[in-house]
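1. Output the structure for:
(one chain, ligands or ions: 1)
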Amino acid sequence: MKSLVVREWGEPKEKLRLEEAPLPQPGWNEVRVRMLMAPVNPSDVLMIKNRYGRQPSLPCCPGFEGVGIVEAGRGPLAWRVMNKRVAVIAKDGGSWSTHCVIPAIRAIPLASSISNEQAASFFVNPVTAWVMIRKLLQPPKGSWVVQTAAAGAVGQMIVRLGKHFGFKTLNIVRREEQKLVLEQLGADKVLVGCGEDLIEKIANALGGESSYAALDPVGGLTGSALIPSLRRYGSLMVYGRLSGEPIQVMPGTLMAGMRKVESFWLSEWTKDQSKLTMWRTFRHVAKAMAGGVLLSPVGKTFQFNDFQAAIQEADSPGKIGKVLLQISK
Ligand SMILES: NC(=O)c1ccc[n+]([C@@H]2O[C@H](COP(=O)([O-])OP(=O)(O)OC[C@H]3O[C@@H](n4cnc5c(N)ncnc54)[C@H](OP(=O)(O)O)[C@@H]3O)[C@@H](O)[C@H]2O)c1
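-> Have a look, this model is predicted:
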């Protein structure tokens, strides 16, 4: 088999190599999946650069998710998905490979109505968007959710969830062309720019109302600007570190209204969930994906050998949609 391998952390163009290895054999209740496609997510690129919160040991193969066909397996959990197309949840990486061995319970069979492009991104973003909105924040119908990086894949899913479940979204982006994309998805309001007057712009856009909750993967002044818009007891949920800058808030801004700053990290949340909760969550996410509520914006697809161009595209500001690696057909 062929795998993308990191032997030293650093810039992907220097440190990521395509290597050959013997085909791995699945253990009891494990499956071997022949990979079809995998996305390039921000977390993959951060990990290669040694900037992700939880680094695996070296050498490693990146890729936390993808889609493929189960071609071998042992044990009853494996037989259940034999020869099926499955979403791959590669907890510790490994999906950027022609073949990937995972616990059978992490191979999620999906309806044929879900395309390979969507199935490849079944886990990281859709489950994050679903859990933050449906399980944790639970914005009521008619309430406002304010978010930054709204044109990204998670951001677009939040907009679609708002449209579907009836909460309103105020979306902050940094490019004019992203405004129309979000409006077409059903965004209620879009603000372009992350400048110093963002607090005031948000207040004006909300027209005297407060936000029920706020979501921020950016940090820095942009993320911090969401806090004054929150209602009494409202939460800013941080879930990314795109700017690399800290959230800053005056204690008085939090105390006025007893607002909160909390965080979400899928890999941490998953650790505390029962198998039944995970199964139910995957079922909800699969249904929402098949129904067009949790869709990833699809960008360029690159052949596996062309992985360097794929990473460069995924790591460029202003790209449109999720970059995918076509590993096999
Ligand atoms: N906590 C979790 O469990 C979890 C799970 C999934 C994702 N995430 C995080 O969520 C974030 C979004 O993921 P994604 O897959 O949706 O990413 P994506 O599709 O690549 O989109 C990223 C978006 O962020 C914007 N952006 C990047 N840097 C920015 C900055 N410094 N200031 C303002 N906007 C910025 C980009 O805008 P431009 O187009 O202008 O570049 C783009 O719209 C990432 O940080 C990811 O790691 C966290």
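2. State the distance from Arg241 to the ligand.
-> 6 Å (C-beta to the nearest ligand atom, to the nearest Å). Bear in mind the C-beta positions are built from the backbone N, C-alpha and C, glycine included.
3. go on, Thr253?
-> Distance check for Thr253 against the ligand: by C-beta to the nearest ligand atom, it reads 21 Å.
4. To which secondary structure element type does the spatially most central residue of the chain belong?
-> Geometric centre of the chain, nearest residue: Asn125, 2.5 Å, by C-alpha atoms, centre = their mean. Following DSSP: H, G, I helix; E, B strand; the rest coil, Asn125 is assigned to helix.
5. now swap in the one 4 residues further on and tell me
-> Local secondary structure at Ala129 is given as helix here, using three-state DSSP.
6. nearest residue to it other than its sequence neighbours?
-> Spatially, and ignoring its direct neighbours in sequence, Ala129 is nearest to Met157 (3.8 Å; C-beta to C-beta, 6 or more residues apart in numbering).
7. residues of whatever helix or strand the one you found lives in that come out buried?
-> Secondary structure assignment for Met157, by DSSP states H and E: helix 153-165. Buried residues in helix 153-165, counting neighbours by 16 or more other C-beta atoms under 10 Å, are found at Ala153, Val154, Gly155, Gln156, Met157, Ile158, Val159, Arg160, Leu161, Gly162, Lys163.
8. same thing with stretch 113-132?
-> Neighbour-count burial for stretch 113-132, counted by 16+ other C-beta under 10 Å, picks out 114, 116-132.
9. And for stretch 219-232, what's in contact with it?
-> By C-beta atoms under 8 Å, 6 or more residues apart in numbering, the residues outside stretch 219-232 that reach it are 144, 146-148, 172, 194, 196, 198-199, 202-203, 206, 210-214, 216, 236, 238, 240-249, 253-254, 257-259, 261.
10. 7 Å - rerun?
-> Identification of contacts with stretch 219-232 by C-beta atoms under 7 Å, 6 or more residues apart in numbering yields 146, 148, 172, 194, 198-199, 202-203, 206, 210-212, 214, 216, 236, 238, 241-243, 245-249, 253, 257-259.
11. Filter those down to just the buried residues.
-> By neighbour count, with 16+ other C-beta under 10 Å, the contacts of stretch 219-232 hold 146, 148, 172, 194, 198-199, 202, 206, 210-212, 214, 216, 236, 238, 241-243, 247, 249, 259 as buried.
12. Now, the contacts of stretch 219-232 that are in strands?
-> Judged by DSSP state E, the contacts of stretch 219-232 include Val146, Ile172, Ser211, Tyr212, Ala214, Asp216, Leu236, Val238 as members of strands.
13. got the contact list for Leu16?
-> If you count contacts by C-beta under 7 Å, 6+ apart, Leu16 has them with Leu4, Val6, Ile48, Phe307.
14. contacting residues for the third one?
-> Same thing as Ile48. Counting by C-beta under 7 Å, 6+ apart, Ile48 touches Val6, Trp9, Pro12, Lys15, Leu16, Pro62.
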